[in-house]
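>>> can't give you the sequence, but here's the structure:
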């Protein structure tokens, strides 16, 4: 076959008679300290194709995309990576003896006679992959959101008649959402809305012919994170609110022949619903910090200099005892409390993968004199994205980091920065449930499309 298949969570298998390329093969069924499991099994034929493919491409380092438990099975593969500033994944894998190459940004690279790829990375440590398979275009956005590359991608899409969009579209659960008030009640930040309308916006914005739900097929399986399963999308949810006939919604697991333009649906079995206790994954909520932990934690948070721009302190509540780390010289007022088991906390800090704690949604987070909507901007971006993954901890390093991405596509970066700041300011003045907000959102979508 010359074509592709979609399986698992965000796995795309590309064939040029034999398996050539596989993207983001998460096959073990456990991620984010055991919090996530796959909703569907990977059928044996597709699993064999994953293991026999010549190339692997990893979009970013999250464990539902780069599965550390499976890496030993890929020792002899040619691994392709986005050109992320900091090159953390490249250095980590190369030091372990893997055959790793970095794809040039925004350039086509031929992998076989009928398959070529174009990769784009962005400053949020996400990336996307465009795949030309025998003249059909697959746009694999996985988790990425337009951060200055959208206009470039839309121009490429216009050159193809048969186009597929593969993208995470969700209620928002794959972010930190386990927020609590200072009195201990959960703050309901997640909402169920019309996923079909959201999907329709992205499909019409990019002008694609087909949409395949992607990077969305996980289930929470820890007893302390299963609350979030109420906000995990199903395939039926993607149909809710669809009104356009300008594109076609396809099933999530398919096999597509790029010679005959025929599609067959893969029907993988659903995985068993099993709820695991935290100690299955080494987490005991009553465990307390050890003396040597304190210095490690202080060094970690204080090394991220840009936290001090908006935060005064980070408080860690471990085993019902608090440890407060000042990150600025201001009076203690604006801060964040993380209530978290010791084992996963220390693992996240030692390996600098704090995003795994956030996305796991079992850690309880309380913001003080902050709104939950500001959390990503004030903590996730500087700590998890720029410092951990981008290796930009000091303010000078962060400045150089952002400049490196700006130089790659200067105009796109400037336009994106203007749009992002305009949207942020608008949201700060207009309530999202108001008629004005809805009118502005529709106008923005029309303008972008």
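Sure, I can see it. A quick note: this is a predicted structure, and the numbers were derived from the prediction, not measured.
>>> pLDDT score assigned to residue 217?
According to the predicted model, the pLDDT of residue 217 comes to 95.
>>> ok, it touching residue 6?
No. Applying CB atoms under 8 Å as the test, residue 217 and residue 6 come out as separate, 9.7 Å apart. Placement of C-beta: from N, CA and C, glycine included.
>>> give me the mean pLDDT for the helix or strand hosting residue 5.
Using DSSP states H and E, residue 5 maps to strand 2-7. Averaged across strand 2-7, pLDDT comes to 98.
>>> stretch 330-345 now?
Average pLDDT, stretch 330-345: 93.
>>> for it, buried residues please.
Buried residues in stretch 330-345, counted by 16 or more other CB atoms under 10 Å: 334, 335, 336, 337, 338, 339, 340, 341, 342, 343, 344, 345.
>>> on that earlier part again, what touches both of residue 217 and residue 6?
The contact sets of residue 217 and residue 6 overlap at residue 252 (CB atoms under 8 Å, 6 or more residues apart in numbering).
>>> could I get the buried residues of stretch 330-345 as JSON lines with distance to residue 91 and secondary structure?
Shown next, in JSON lines, are these (distance: CB to CB, whole Å; DSSP: H, G, I helix; E, B strand; the rest coil):
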{"residue": "334", "distance to residue 91": "35", "secondary structure": "coil"}
{"residue": "335", "distance to residue 91": "33", "secondary structure": "strand"}
{"residue": "336", "distance to residue 91": "30", "secondary structure": "strand"}
{"residue": "337", "distance to residue 91": "33", "secondary structure": "strand"}
{"residue": "338", "distance to residue 91": "28", "secondary structure": "strand"}
{"residue": "339", "distance to residue 91": "33", "secondary structure": "strand"}
{"residue": "340", "distance to residue 91": "28", "secondary structure": "coil"}
{"residue": "341", "distance to residue 91": "29", "secondary structure": "coil"}
{"residue": "342", "distance to residue 91": "28", "secondary structure": "helix"}
{"residue": "343", "distance to residue 91": "26", "secondary structure": "helix"}
{"residue": "344", "distance to residue 91": "24", "secondary structure": "helix"}
{"residue": "345", "distance to residue 91": "25", "secondary structure": "helix"}
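>>> would you format those as TSV with distance to residue 352 included?
Shown next, in TSV, are those (distance: CB to CB, whole Å):
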residue	distance to residue 352
334	24
335	21
336	18
337	21
338	16
339	21
340	16
341	18
342	17
343	16
344	14
345	13
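>>> in what helix or strand does residue 27 lie?
Using DSSP H and E, residue 27 sits in no helix or strand.
>>> and it, how far from residue 121?
From residue 27 over to residue 121 the distance is 24 Å, taken as CB to CB, to the nearest Å.
>>> could you check which of those two is surrounded by more residues?
A count of neighbours by other CB atoms under 10 Å puts residue 121 above the other of residue 27 and residue 121, at 25 against 20.
>>> give me every residue that touches the nearest residue to that one once chain neighbours are set aside.
Nearest in space to residue 121, with sequence neighbours left out and distances taken as CB to CB, 6 or more residues apart in numbering, is residue 82 at 3.8 Å. By CB under 8 Å, 6+ apart, residue 82 lies in contact with 59, 60, 102, 103, 105, 119, 120, 121, 127.
>>> now for the residues you listed: which two are most distant?
Farthest apart among the contacts of residue 82 by CB to CB are 60 and 105. That separation is 14.6 Å.
>>> the two: who's more crowded?
Using other CB under 10 Å, the more surrounded residue of residue 60 and residue 105 is residue 60, with 24 against 18.
>>> tell me which element that one is part of?
Using DSSP H and E, no helix or strand contains residue 60.
>>> doesn't residue 402 lie inside a strand?
No. Under DSSP: H, G, I helix; E, B strand; the rest coil, residue 402 falls outside any strand and is assigned helix.
>>> ok so, going back, the strand holding residue 5 pairs with which strands, parallel or anti?
Strand pairing for strand 2-7, determined by DSSP bridges: strand 11-16 (antiparallel), strand 254-257 (antiparallel).
>>> still on that earlier bit, closest to residue 110 out of the buried residues of stretch 330-345?
Each of the buried residues of stretch 330-345 was checked against residue 110 using CB to CB; the closest is residue 344, at 42.3 Å.
>>> need the nearest residue in space to that closest one, chain neighbours excluded.
That would be residue 33: by CB to CB, 6+ apart, it lies 4.5 Å from residue 344.
>>> where does the one you found sit: helix, strand or coil?
coil.
>>> and it, what does it touch?
Residue 33 neighbours (CB under 8 Å, 6+ apart): 222, 281, 282, 283, 344, 347, 356, 357, 360, 362.
>>> list the contacts of the strand holding residue 5.
By CB under 8 Å, 6+ apart, strand 2-7 touches 12-17, 40, 42-43, 46, 49, 114, 131, 133-134, 138, 166, 212, 214, 252-259, 266, 268.
>>> quick one: residue 148 and residue 402 touch, right?
No. Look at residue 148 against residue 402 with CB under 8 Å: they stay out of range, at 11.2 Å.
>>> what about those two, which has more around it?
The neighbour comparison of residue 148 against residue 402 (other CB under 10 Å) goes to residue 148, with 23 against 17.
>>> residue contacts, that one?
With CB under 8 Å, 6+ apart, residue 148 has these contacts: 122, 405, 409, 412, 413, 415, 416, 417.
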